[in-house]
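Visitor: sequence and predicted model, in that order:
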Amino acid sequence: MGDHVPVRCPVCRRSHTFASPVYPCACGAPLAPPLLQGAPAEPIRHRTWTDDWVTVRCPACGRQDQWPQPELGCPCGTVLRIPVRPVTAMPETSAGAAAAQRATAAASGADGPLAASGTGAAGGPGHPGPAAFGRQQEAGPADPGATPADAPMPTGPDGPAEAPLPSGSGGTAEDCPFAAPPPPAYRPAFRPVPIRTARDAVTAAARYLRWLGFQEVVQPEERTASGIDLRAPGLVAQVDPTTRPVTLRAVECLWLSGLNSSARSVVFSLAGYSADARVRADGLGVPLFVMDLTGAAEPVNGPAKDLASSGA
């Protein structure tokens, strides 16, 4: 969880409690912009790309990067910019450097005499090291009821016994033509890229489509009149980086382009969709996604949720 600070809207004088959003750093550690306690929030009257980003240092690895400026929407309609503590000079020995030194020491001592005895840095006091763990595997499993992988097959009076079948099958392994279904393909967590320009929005959408399983996602050299920004075998996609909601006409034009190409149509937007566009997209089966400035995509209708859960 990020920091919590009290915020008062200078327009309507309402009081709020704001929690800093948490994003993953490139090293994998959760990171939240540190909020400046006691500083008043400022209404946002004019947006620029520079003001929408702040520099934040990761306490785990020491990396400095640009993160979205924390904002709070008041019910009166005012959007407030929450102040963030500025980045100061990095100390010579940070927590990330100390952690890296400990990890290096543990790795270098893993094959040494201390690790082999199970009492070194790799295993810690009273914990077996890698070498000791390897000897335990050679000696066999610790559980007396477990069966080693290379144990001999049980034999019957007429030779080796057949492999057991699921209960109720009533036959042997040769009589069962249906093998167990393969496990579902593992899909790692999506790693978004920050959006600062319109081209970044197209790049983030292409990255998300590849994560869904679409192959050979490319960007046409020139944007067509139908608004196609990305193409792939069996796919056409439109990316709207403007601050206006996507209209009904844009959804219908993209759907017709996909219908003409026998391809699925997908729409990405930074500002959302009009009500009639969402209703029409549900009827046509067009997935709609909304992206934030971190590059993460969120499904907003049923076809998009189905696509995000099942993949391409």
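Guide: Received it, and whenever you're ready, just let me know what you need.

Visitor: residue 3 versus the nearest residue to residue 29 once chain neighbours are set aside, what's the distance?
Guide: Distances taken as Cβ to Cβ, 6 or more residues apart in numbering place residue 60 nearest to residue 29, at 3.8 Å, with adjacent residues excluded. C-betas here are computed from N, CA, C, even on glycine. Noted for residue 60: a distance of 17 Å to residue 3, by Cβ to Cβ, to the nearest Å.

Visitor: before we move on, back to that, tell me the spacing between the residue nearest to residue 29 and residue 247.
Guide: Plainly put, residue 60 is 44 Å away from residue 247 if you go by Cβ to Cβ.

Visitor: how close does residue 73 get to residue 82?
Guide: Remark: distance between residue 73 and residue 82 (Cβ to Cβ) = 11 Å.

Visitor: can you give me the strands for the stretch 201-312 of the chain?
Guide: When assigned using DSSP state E, counting those that start in this stretch, the strands of the stretch 201-312 of the chain occupy the ranges 230-232, 235-240, 264-269, 288-291, 297-299.

Visitor: including distance to residue 54 and mean pLDDT, could these go into CSV?
Guide: Compiled in CSV, the strands of the stretch 201-312 of the chain are given as follows (distance: least, Cβ to Cβ, whole Å; pLDDT from 0 to 100):
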stretch, distance to residue 54, mean pLDDT
strand 230-232, 30, 89
strand 235-240, 25, 92
strand 264-269, 24, 94
strand 288-291, 19, 94
strand 297-299, 22, 92
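
Visitor: quick one, which of these is nearest to residue 188?
Guide: strand 297-299 (15.5 Å; Cβ to Cβ).

Visitor: other SSEs contacting the closest one?
Guide: For strand 297-299, the packing partners by 3 or more Cβ pairs under 8 Å, 6 or more residues apart in numbering; DSSP states H and E come out as helix 198-212, strand 288-291, helix 302-310.

Visitor: deepest of those, which one?
Guide: Counting by mean count of other Cβ atoms under 10 Å, strand 288-291 has the highest mean neighbour count of these, with a mean of 22.

Visitor: other residues contacting that strand?
Guide: If you take Cβ atoms under 8 Å, 6 or more residues apart in numbering as the criterion, strand 288-291 is touched by 195, 201, 204-205, 208, 246, 251, 266-270, 272-273, 277-278, 281, 297-301, 303-304.

Visitor: can you say which of the residues you listed are buried?
Guide: Neighbour counting by 16 or more other Cβ atoms under 10 Å classes 195, 201, 204-205, 208, 246, 251, 266-270, 273, 277-278, 281, 297, 299-301, 303-304 among those as buried.

Visitor: I'd like to know which of the helices and strands packed on strand 297-299 lies nearest to residue 229.
Guide: Nearest of those to residue 229, taken as Cβ to Cβ: helix 198-212 at 5.3 Å.

Visitor: the helices in the chain, which residues?
Guide: For the chain, helices defined by DSSP state H occupy the ranges 95-108, 113-117, 130-139, 198-212, 248-260, 275-284, 302-310.

Visitor: which of those helices comes out lowest on mean pLDDT?
Guide: Between these, the lowest average pLDDT goes to helix 113-117, which shows a mean of 40.

Visitor: low-confidence ranges in the stretch 51-200 of the chain?
Guide: Low-confidence regions of the stretch 51-200 of the chain, defined here as pLDDT under 70, cover residues 89-187.

Visitor: what's the neighbour count on residue 64?
Guide: By the measure other Cβ atoms under 10 Å, the count of residues near residue 64 is 10.

Visitor: tally of neighbours for the residue nearest to residue 29?
Guide: The number of residues packed around residue 60, counting by other Cβ under 10 Å, is 17.

Visitor: quick check, it in contact with residue 27.
Guide: Yes. Assessed by Cβ atoms under 8 Å, residue 60 is found in contact with residue 27 at 5.8 Å.

Visitor: if you count what's nearby, which of residue 73 and residue 82 comes out ahead?
Guide: For residue 73 against residue 82, the residue with the higher neighbour count under other Cβ under 10 Å is residue 82, and the figures read 22 against 12.

Visitor: contacting residues around that one?
Guide: Applying Cβ under 8 Å, 6+ apart, one finds that residue 82 lies in contact with 5, 7, 18, 20, 35, 41, 69-72.
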